[in-house]
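K.L.:
Need coordinates for the below:
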Amino acid sequence: MIGVTCIPIPQVRRTWQRIELIRLDGPVVFERLEAYMDGEYMSDGKAMFTDYKRVDATEFPIDPKRLRPLPCASSEPGTSCGRYFTDGRYILTGTTVVHGADPASFSGELPALDPEGYFLQSTPFSRDRTSVFAYEKRIEGADPATFGVLRKTPEIIGFDKTHAWKAESDELEQLDLTPVQLQRLRADMENARAARKARQASSNFHIGPSGG
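P.N.:
Predicted coordinates for the structure are as follows:
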C-alpha cells in the first residue's frame, strides 16, 4: 500500500528594490551626498549638483545648508516660483550662478504686459536694485528703475528710458531704436497698464442688493 501525504512548503516572500544608476560629473564623494531644497540640489560639501548636472560655481563658495527659494515677480506675493535659490550671498538658477546679482533686492521672471493688459507670467528678464539681467547675464547699461517688459507678439521687448532689447530663442538682441520709437514703447506700456487697471476694476465691481 502506498501512502500519500501533503508536506507544506514554506513560501518565501519576495521583495523588489529598484536601483537607479546615475552619473555625476566628478570629482564627488558619493558617501557624503545630501539633498537640499526638497531634492532640487545635492552636495557632498564641496561640489553641487542639480538634475544630476554639476553647478557651475567653482568661483563661488555656495553654502547648500543655507539655500532658500527666492520669490519671482511673476509669482504670488510670499511664494516662490521655484526657479531661483540663494544662500544669502549668491543666486542660483539650475546649474548657473547669476553673477553680480543682489539676493536682497533680486526679482526674477519679470512679467510682460501685452497691449490688452494681460500678463505673460514668465520672461527671461530679471533685476535687482542696480542691474537688469536677461538669461542670467547682466545687461550692460540697462536701468532697473525705468525698465519694463512688453509682449509685442511674437516678441518680448525689454526697455528702459534709453535702450531696448529683444529676447528670443535664448538670445538677447539690442535694438537700434530712435527716441521717437522708444517714446512709443513707453506709451504702449502706459496704455497696457491702463488696460490692466481697467480690467481689474471691472472684475472687482460688485452690484449690491437693491433697496426696497
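K.L.:
Report the strands that pair with the least confident helix or strand in the chain by mean pLDDT, each with its relative direction.
P.N.:
Averaged element by element with mean pLDDT, DSSP states H and E, the chain has its least confident helix or strand at strand 119-120 (a mean of 78). The strands that strand 119-120 pairs with in its sheet are strand 112-113 (antiparallel) (by DSSP bridges).
K.L.:
who's in contact with the strand it pairs with?
P.N.:
Outside strand 112-113, the residues within contact range by C-beta atoms under 8 Å, 6 or more residues apart in numbering are 119, 120, 123, 148, 149, 150, 151, 156, 189, 192, 193, 196. Glycine gets a C-beta too; all of them are placed from N, C-alpha and C.
K.L.:
And the second one, how far from residue 44?
P.N.:
Spelled out, it's residue 120. Look at residue 120 and residue 44: by C-beta to C-beta, to the nearest Å, they are 39 Å apart.
K.L.:
Check the spatially closest residue to residue 65 that is not a sequence neighbour and give its pLDDT.
P.N.:
With C-beta to C-beta, 6 or more residues apart in numbering as the criterion, residue 65 has its nearest non-adjacent residue at 7.2 Å, and that residue is residue 36. pLDDT recorded at residue 36 is 92.
K.L.:
same check, this time on residue 59
P.N.:
71.
K.L.:
Any stretches of this structure with poor pLDDT?
P.N.:
1-12, 19-21, 76-79, 121, 204-212 (pLDDT under 70).
K.L.:
now do 50
P.N.:
Residues of the chain meeting the criterion pLDDT under 50: 206-212.
K.L.:
where do the helices sit along it?
P.N.:
According to DSSP state H, the chain carries its helices in the segments 179-203.
K.L.:
Name the nearest of the contacts of strand 112-113 relative to residue 82.
P.N.:
residue 123 (16.1 Å; C-beta to C-beta).
K.L.:
Surely the closest one and residue 108 touch.
P.N.:
No: between residue 123 and residue 108 there is no contact under C-beta atoms under 8 Å: 9.6 Å.
K.L.:
Spell out which residues are contacts of both of the two.
P.N.:
Counting by C-beta under 8 Å, 6+ apart, the contacts common to residue 123 and residue 108 are residue 74.
K.L.:
neighbour-wise, which of those two wins?
P.N.:
Comparing residue 123 with residue 108 by other C-beta atoms under 10 Å, the one with more neighbours is residue 108, at 27 against 22.
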